[in-house]
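> have a look; sequence and predicted model below, questions after that.
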Protein chains: 2
Amino acid sequence: MIDYRRLRVALLGAGAVGSQVAHLLHTHADELADRAGAALELAGIAVRDVDAPRDVELPRELLTTDAETLIVGSDIVIELMGGIEPARAHIQLALNSGADVVTANKALLATHGTEIFDAADQVGASVYYEAAVAGAIPIIRPLRDSLAGDRVNRIMGIVNGTTNYILDRMDGEGAEMAEVLADAQRLGYAEADPTADVEGYDAAQKAAILASLAFHTTVPLDAVHREGITGITKGMMDAARHAGYVIKLLAVCERLSGRADVADGAEAISVRVYPALVPRDHPLASVHGVNNAVFVQAEAAGDLMFYGAGAGGMQTASAVLGDLVSAARRHIAGGAGVGESTRANLPTVDIGKVVTRYQVTLEVDDRPGVLARVAGILSDGRVSIATVEQSIAEPTGPDEAGSARLVIGTHTAVEQDLSETVMRLAEDDVVERVVSVLRVEGD
Amino acid sequence: MIDYRRLRVALLGAGAVGSQVAHLLHTHADELADRAGAALELAGIAVRDVDAPRDVELPRELLTTDAETLIVGSDIVIELMGGIEPARAHIQLALNSGADVVTANKALLATHGTEIFDAADQVGASVYYEAAVAGAIPIIRPLRDSLAGDRVNRIMGIVNGTTNYILDRMDGEGAEMAEVLADAQRLGYAEADPTADVEGYDAAQKAAILASLAFHTTVPLDAVHREGITGITKGMMDAARHAGYVIKLLAVCERLSGRADVADGAEAISVRVYPALVPRDHPLASVHGVNNAVFVQAEAAGDLMFYGAGAGGMQTASAVLGDLVSAARRHIAGGAGVGESTRANLPTVDIGKVVTRYQVTLEVDDRPGVLARVAGILSDGRVSIATVEQSIAEPTGPDEAGSARLVIGTHTAVEQDLSETVMRLAEDDVVERVVSVLRVEGD
Ligand SMILES: NC(=O)c1ccc[n+]([C@@H]2O[C@H](COP(=O)([O-])OP(=O)(O)OC[C@H]3O[C@@H](n4cnc5c(N)ncnc54)[C@H](OP(=O)(O)O)[C@@H]3O)[C@@H](O)[C@H]2O)c1
Ligand SMILES: NC(=O)c1ccc[n+]([C@@H]2O[C@H](COP(=O)([O-])OP(=O)(O)OC[C@H]3O[C@@H](n4cnc5c(N)ncnc54)[C@H](OP(=O)(O)O)[C@@H]3O)[C@@H](O)[C@H]2O)c1
């Protein structure tokens, strides 16, 4: 046995992730010491209720409700409480007491990241957060370190397991969303209140963190355009499958260059979360169940993909412990903190100015001249048609007849042009109904 | 402009990778300085012939044949010459002169890694080698840092682009190997002498590096069992497809626990490179063309996959520059070197003791009792049958008739038992020919 220097580790929270971290710290103590070059001594575990039942048995004497006393005098503080307060205050206290911080708190980083990273910089401490995005999948280090000499142009991430589970089952079984969501809740993949997942709030937090890292730019949460999956129907899913696509909730982070609407030559970024059509042969299309994957396009490296479990207490604990070992190594090695590299300050363009391809599905009168009329409205709106498929719509009632369905694939168009054009289509006499408007990503 | 501290960077080699590194260092100088917190000044480029034509225009005054003078007095040395000597001596000189080293040299690390890492440790310098395995794909950092708090149980890697290109085209087009290899050579995906790729030497070097990192154990190259793809025929490929598999050249690194043949309770590892049957629905099965992917199974993190370009001058340069930024940050921050963590010293078991599933294809006499006889030989040899498919073999000549083909899927069996049993089968009267014996991985 090597007689390692001891580092005091404070654990804040012993829920799904925290209890697994405590467990692994105990069972893998020797190996962790070898990896870290230091004995990682769990000094205490702060919780709300020391008597609450836990998934994993924890030594009673380590549990405390006094987080502050625990934090002060620790070398490394692991924050796994979640939420904004008191997590924010605890992390500030940790940094001010000279500790390095490991956190999985995406909500906090997406809203108060700059404040926290600045505080760390000032005291020469480091903040590690591999677990905050895509659970067990290493994505923070690859973006921060491996790709530091490259230029990331685009990220497309499936970063929310709950919505991927729902969409994947709808796709695979032709099921309705309500029924799959109920299953997801029963299986513990979705919360009783699923809003944060299905409305894309969770994915938007992760998108802000990914974009900040990839583009070296502080991306505030309200710069992320966000749409959830609640509007996705079985019908849309079936139509997508028929057309060779699958619908995925994507976090898209995009670098925009040479745009007329951005001051000369300057670059800008777009960060957005929405359900999009992804071609079946794209690597993201085969990400099933609750898994996550992050697809990265970089100038020199080309296309990369990182795939794995996006959540789960034990899986996320793996990422937390990786960060803990990094923090410990730095503590032992000495030197300055890892820092954030956010000097680029690229502006975010409004969703209205984003350029993508679209698939617009319309129910129209089934009579001569209708296609020409629709095509005219699109062309007037600067939306150019790439493909059209026309089929007779199934009548939904006895008096509903004589209508056809048009599935229009567009060339790239400006979002604002497209949405104004769709409004004009919706108001037009020949259009009975706008069935769906979906962006196409990854082709 | 921030007035950064300058770091002198020596580049050894300006071939496929080196010339792209020089190019990116020049074009992305400002961004690299922001990322690294230091101005990276290219002090010189060592080559064999300063007048040789180059893919990328390089400033004539930077080129030199005097690598030693360039190395001494540099802060960071990037070795992209390849081969053992003089690369080994140059890296030693660099470390002894107090420089950090970045290298993509898998051949050198697989054979002299321990010597180099020890030398770095002694002087407190660091050696970075993200580019040595799977080109642009971040896999070294994820293994060394992200998974440092976890236990890797198994790695299956497609780490050689040339062989994946060949097997993928044989699979996709039903083509013969010779014809695809010729194409690969024409396209520059394979060397004029393809031995290093098709015989698995290149993959074996990468397997040794991956296993060393994953299991924190020095794995010498000769501990890696190696088989190439030259024995793979169009017939095997077709049969694999028919059975729901694809044949991939895999680098398998496996942790073995609780084995009777290893001293009580101790762990061991197996590192092997061979063509194997991979189920079509496994993520590795959809890695096409020259791409690489590394599939990692860890105790807590579960299944992870890292996918991207495994080679190419520019792609590999991305990984080199990521390492350069890391080296520069460490130089600026101060502190000890990154070090290697190889304290586990797990023994490698011989290939004969490895346990996998197999698919054995036999041509046998087509008469009653043959299946029972074959089954008897297998069972006597401690090989248990999971599935059997029998079909009438196409006669290969007018006098060849009355033979059948047996495709036998086994349960897990010990390699030595299996190979002895196959020998007994081959000698048996009822067996006309052993068509193929392939391991099954990833199911
Ligand atoms: N679960 C996942 O799969 C996952 C994946 C990625 C990231 N994350 C992130 O990891 C963090 C933790 O998630 P989780 O799922 O482990 O949460 P959780 O199960 O809700 O556990 C939260 C823990 O924090 C404690 N806590 C909360 N507020 C506290 C307070 N004011 N004072 C003291 N203790 C307090 C709780 O104490 P009591 O036990 O006494 O109530 C509980 O032990 C979150 O930021 C989450 O976003 C989670
Ligand atoms: N190419 C890839 O896609 C790839 C991918 C991953 C890793 N790697 C690794 O990266 C390294 C470089 O590969 P590469 O493809 O760039 O090799 P390369 O094209 O053969 O270039 C080698 C360079 O090193 C120089 N050199 C060789 N021996 C020298 C000596 N004795 N003294 C001075 N200069 C010498 C050569 O000089 P001259 O130009 O004057 O001949 C040439 O510029 C290798 O270790 C390789 O395994 C390559």
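Noted; the coordinates are in hand. Ligands and ions are numbered 1, 2, ... in the order given.
> and the longest helix anywhere in chain A, average pLDDT?
Longest helix of chain A, by residue count under DSSP state H: helix A:313-333. Mean per-residue pLDDT for helix A:313-333: 94.
> point out where chain A drops to low pLDDT.
Chain A contains residues with pLDDT under 70 at A:1, A:260-265, A:335-342, A:393-401.
> and the residue in the stretch 1-150 of chain A positioned nearest to ligand 1, how close does it get to A:Ile45?
In the stretch 1-150 of chain A, the residue that lies nearest ligand 1 is A:Gly15 (1.8 Å; Cβ to the nearest ligand atom). Where C-beta positions appear, they are placed from N, C-alpha and C, glycine not excepted. When distance is defined by Cβ to Cβ, to the nearest Å, A:Gly15 is 11 Å away from A:Ile45.
> okay, these two: which has more neighbours?
Each of A:Gly15 and A:Ile45 had its neighbours counted (other Cβ atoms under 10 Å in any protein chain shown), and the higher figure belongs to A:Ile45 (27 against 16).
> need the three-state assignment for the more buried one.
Following DSSP: H, G, I helix; E, B strand; the rest coil, the label given to A:Ile45 is strand.
> one more: A:Glu432?
Secondary structure, three-state DSSP: A:Glu432 is strand.
> phi, psi of the residue lying closest to it once chain neighbours are set aside?
Once flanking residues are discounted, A:Glu432 sits nearest to A:Glu363: 4.4 Å by Cβ to Cβ, 6 or more residues apart in numbering or on different chains. Backbone geometry at A:Glu363, expressed as degrees, to the nearest 10, gives phi -100, psi 120.
> show me what contacts the residue of the stretch 1-150 of chain A closest to ligand 1?
A:Leu80, A:Met81, A:Gly82, A:Gly313 (Cβ atoms under 8 Å, 6 or more residues apart in numbering or on different chains).
> A:Val287 now?
Counting by Cβ under 8 Å, 6+ apart, A:Val287 has contacts A:Ile158, A:Asn164, A:Asp168, A:Lys248, A:Ala293, A:Tyr307.
> still on that earlier bit, so which of the contacts of A:Gly15 are in helices?
Those of these mapping onto helices are A:Gly313, per DSSP H.
> closest to ligand 2 out of the contacts of A:Gly15?
Once Cβ to the nearest ligand atom is applied, the member of the contacts of A:Gly15 that ends up nearest ligand 2 is A:Gly313, at 37.6 Å.
> what's the local residue count around the closest one?
Neighbours of A:Gly313 (other Cβ under 10 Å): 19.
> and A:Asn164, that one's in a helix?
Yes. Assessed by three-state DSSP, A:Asn164 belongs to a helix.
> run a quick neighbour tally on it.
For A:Asn164, the neighbour count with other Cβ under 10 Å is 26.
> quick check: beta-bridge partners of the nearest residue to it once chain neighbours are set aside?
Excluding the flanking residues, the one nearest A:Asn164 by Cβ to Cβ, 6+ apart is A:Ile158, at 5.2 Å. Per DSSP bridges, the residues bridged to A:Ile158 are A:Ala293.
> A:Glu199 and A:Leu249 touch, don't they?
No. Look at A:Glu199 against A:Leu249 with Cβ atoms under 8 Å: they stay out of range, at 10.2 Å.
> overlap of the contact sets of those two?
Among the neighbours of A:Glu199, those also in contact with A:Leu249 (Cβ under 8 Å, 6+ apart) are A:Gly228.
> which of these two has more neighbours?
In this view A:Glu199 and A:Leu249 are compared by other Cβ under 10 Å, and A:Leu249 has more residues nearby, 26 against 17.
> follow-up on the earlier one: any idea how far the longest helix of chain A is from the chain center?
Relative to its chain's centre, helix A:313-333 lies at 21 Å (Cα atoms, centre = their mean, to the nearest Å).
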